[in-house]
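>>> predicted model, plus sequence, below.
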Amino acid sequence: MNTIFARNKKEQLEPVRASVTGKIPAWLQGTLLRNGPGMHTVGETSYNHWFDGLALLHSFTIRDGEVHYRSKYLRSDTYNANIEANRIVVSEFGTMAYPDPCKNIFSKAFTYLSHTIPDFTDNCLINIMKCGEDFYATTETNYMRKINPQTLETLEKVDYRKYVAINLATAHPHYDAAGNILNMGTSIVDKGKTKYVMFKIPAMGPEAKKKGKSPLKHTEVFCSIPAHSLLSPSYYHSFGITENYVVFLEQPFRLDILKMATAYVRGVSWASCLSFNSEDKTYIHVVDQRTRKPVPGKFYTDAMVVFHHVNAHEEDGCILFDVVAYEDSSLYQLFYMASLKQDFKESAKLASVPALKRFAVPLSVDKAGGRIRTQYSEVGQLCVTEKMAARPDVVLIRVTLPRGCRSGHSLNADAQEMNEGNAEEGSNLIKVASTTATALKEKDGQVYCQPELLCEGLELPRINYAHNGKQYRYVFAAEVQWSPVPTKIIKYDILTKSSFKWEEEGCWPAEPLFVPAPDAKDEDDGVILSAIVSTNPQKPPFLLILDAKSFTELARAYVDVELHLDLHGLFIPDAGEGARKQAPPEEQRDRAAGSHAAPPT
Ligand SMILES: CC1=C(/C=C/C(C)=C/C=C/C(C)=C/C=O)C(C)(C)CCC1
Ligand SMILES: [Fe+2]
């Protein structure tokens, strides 16, 4: 494992041509662009956690059956400061860095203070985000780095805080069909409040880009959810969306803000300020994208830790959402470099195996399938705002106030009672044939959701993104068993509960990314791309290309370089076939960089 996780990877600055075996589909034209930690030691200093490593961008450009590989470290401010000092001088998730020991007491005191509200790192190592014509390397702090997807050069440093009041943001944004971004982040103790902020960044076409406008300037908050706790907001890595809703899990894996503010002087890392409480609940928040308001109702499930949402969709008046869930936060523990260096088979057994679970949340708590809303005035007349009257899901009813009944709350309570009257305590509110997930109504009106277990041992899930937010059938993922290192690629069929697998001795696959075929009819018409790290010195690493339907190997492109196990990325399809052929080479290159195709897969 040492070779996979611990050794610094060399950059491959010039594109190197891969040796291809098999046949790459003629329609597959574009660049697989991925991100992940590539440097784990600087000089004599080492990072403690795999998620601290310096971001190494790499790409496989597939063109007319040929594959070229290149990689380049993100030249973040963090990277530059570390290299210049020849040691780790900027703190990361699991590693707190200290200034030059010989600095005088004043600069030390100042540094201590500046760490109270830390200026987080811009070591953007987790994912790549497509924003209109632009591409960004992302992590979970407030910083992103714009990059050139073709040359992998690092461009501007972008601070989310200039556009939206957040201190943290996920590296897993969603995209709508037009490529507009929907992401969320956490605003920590801002004006006395800590909240989860959902926001949209419009994808700008080439014309806006020509005027030098940045899509980020048009970032728009569309919903904020107050955190249950001011000083220990949930840590979350991703969230789900359906066509009309957003699903956010406020899980009991919390960042202790006071601990974070004193971590520096206490000589501990920010990771040590994260804690999981198995006695707590996981609150399920559902936000209606049309009203921009949380759906009323208190939905919760048992304590769990989710990093990756897989997909979510609306069915029969419910929201079904699929996540890879752990019983505890052991995944984070396992990725400490110390754990990764041990021999997996014995010590580092995954305390809790990741499991694909399906939850169901009822959008209405009555049988009518639509939520009956009541608005009333003193005399009990139904006063309906025109906006409500115009809504298809508003059922107009005339309520006569019972004798002596005060208007106002009591009627509302009665109406509420009527709404939920149909659902007696302890009844299961989920009437969806396709799942055994339940949502039990409790006496205080809370709804306790329990999942259907679909499949164990998978992580780094991807889908055919054209089905994001809709009914879907296939999950492509890396299979992990006794270690967090993926050993296989799996295609799980939710409908038949069966799966296909790809594996090979000494091969460690990265997240499998689905690319749809141009004339796709079925959800799985396309290919799977996965960068395969090899620990067999006789076998160089390679890009694996599988047919997504049969899960058989179409081709592989060997590259004799040091390939790092990466985290996430996206595929940038070349601009349209015809356009590509006519455009002159340099424009082809530029256009390929900012191809206007649908949102990233
Ligand atoms: C630096 C830093 C952070 C970085 C977190 C990272 C880098 C998380 C990576 C998670 C991954 C890769 C999960 C994979 O499933 C926090 C905790 C947001 C806040 C404190 C400062
Ligand atoms: Fe992730």
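Received the coordinates, thanks. Ligands and ions are numbered 1, 2, ... in the order given.

>>> and the spatially most central residue of the chain, what does it touch?
Nearest residue to the geometric centre of the chain (CA atoms, centre = their mean): His172, 2.8 Å. By CB atoms under 8 Å, 6 or more residues apart in numbering, His172 lies in contact with Asn127, Asn183, His237, Ser238, Phe239, His308, His309, His568. Quick note: C-beta positions are derived from backbone N, CA and C, even for glycine.

>>> please redo it, this time with the cut-off set to 7 Å
Going by CB atoms under 7 Å, 6 or more residues apart in numbering, His172 touches Asn127, His237, Ser238.

>>> doesn't Thr170 make contact with the second one?
Read that as His237. Yes - using CB atoms under 7 Å, His237 is in contact with Thr170, at 6.3 Å.

>>> the two: which is more packed in?
Thr170 (21 against 16; other CB atoms under 10 Å).

>>> how much space separates the more buried one from Phe276?
Per CB to CB, to the nearest Å, Thr170 is found 19 Å from Phe276.

>>> repeat that for Leu453.
For Leu453, the distance to Phe276 - CB to CB - is 20 Å.

>>> same deal with Ser499?
29 Å.

>>> now Phe551
Distance from Phe551 to Phe276, by CB to CB: 35 Å.

>>> have a look at Ser499 and Phe276 and say which one is more surrounded.
A count of neighbours by other CB under 10 Å puts Phe276 above the other of Ser499 and Phe276, at 20 against 17.

>>> name the nearest residue to Lys338, sequence neighbours excluded.
Not quite, residue 338 is Ala, not Lys. Asn48 (7.4 Å; CB to CB, 6 or more residues apart in numbering).

>>> list the residues that contact that neighbour.
Gly94, Thr95, Ser269, Tyr336, Met337.

>>> give me phi/psi at the third one?
Okay, so that is Ser269. Phi and psi for Ser269, reported as degrees, to the nearest 10, are phi -90, psi 170.

>>> isn't it up against Thr95?
Yes - the pair Ser269 / Thr95 is scored as a contact, 5.8 Å apart, by CB under 7 Å.

>>> just give me the neighbour total for Glu424.
Counted with other CB under 10 Å, Glu424 comes out at 9.

>>> count residues in the vicinity of the residue of the stretch 151-300 of the chain found nearest ligand 1, would you?
In the stretch 151-300 of the chain, the residue that lies nearest ligand 1 is Trp270 (4.1 Å; CB to the nearest ligand atom). When neighbours are counted by other CB under 10 Å, Trp270 registers 21.

>>> list the contacts of the closest residue to Asp176 other than its chain neighbours.
Using CB to CB, 6+ apart and skipping the chain neighbours, the partner closest in space to Asp176 is Leu182 (6.8 Å). Shown in contact with Leu182 (CB under 7 Å, 6+ apart): Pro173, His174, Asp176, Lys200, Ile241.

>>> partners of the host helix or strand of Leu453, with directions?
In this assignment (DSSP states H and E), Leu453 forms part of strand 452-456. When pairing is defined by DSSP bridges, strand 452-456 lines up against strand 355-362 (antiparallel).

>>> give the closest residue to Asp64 in space, chain neighbours not counted.
Gln29 (7.3 Å).

>>> that neighbour reaches Ile572, doesn't it?
No - assessed by CB under 7 Å, Gln29 is found out of contact with Ile572, at 10.2 Å.

>>> ok, these two, which is more surrounded?
Taking neighbours as other CB under 10 Å, Gln29 and Ile572 compare with Ile572 leading, 24 against 21.

>>> wait, is that one part of a strand?
Yes - assessed with DSSP: H, G, I helix; E, B strand; the rest coil, Ile572 lies in a strand.

>>> tell me the bridge partners for it.
Beta-bridge partners, per DSSP bridges, of Ile572: Thr31.

>>> pretty sure it contacts Thr31?
Yes - using CB under 7 Å, Ile572 is in contact with Thr31, at 4.7 Å.

>>> on that earlier part again, from the contacts of Asn48, which ones fall inside helices?
Using DSSP state H, the subset of the contacts of Asn48 located in helices is Met337.

>>> redo the contacts of Asn48 as JSON lines? Include neighbour count and pLDDT.
JSON lines is the format used below for the contacts of Asn48 (neighbours: other CB atoms under 10 Å; pLDDT from 0 to 100):
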{"residue": "Gly94", "neighbour count": "20", "pLDDT": "96"}
{"residue": "Thr95", "neighbour count": "22", "pLDDT": "96"}
{"residue": "Ser269", "neighbour count": "23", "pLDDT": "94"}
{"residue": "Tyr336", "neighbour count": "20", "pLDDT": "90"}
{"residue": "Met337", "neighbour count": "20", "pLDDT": "90"}
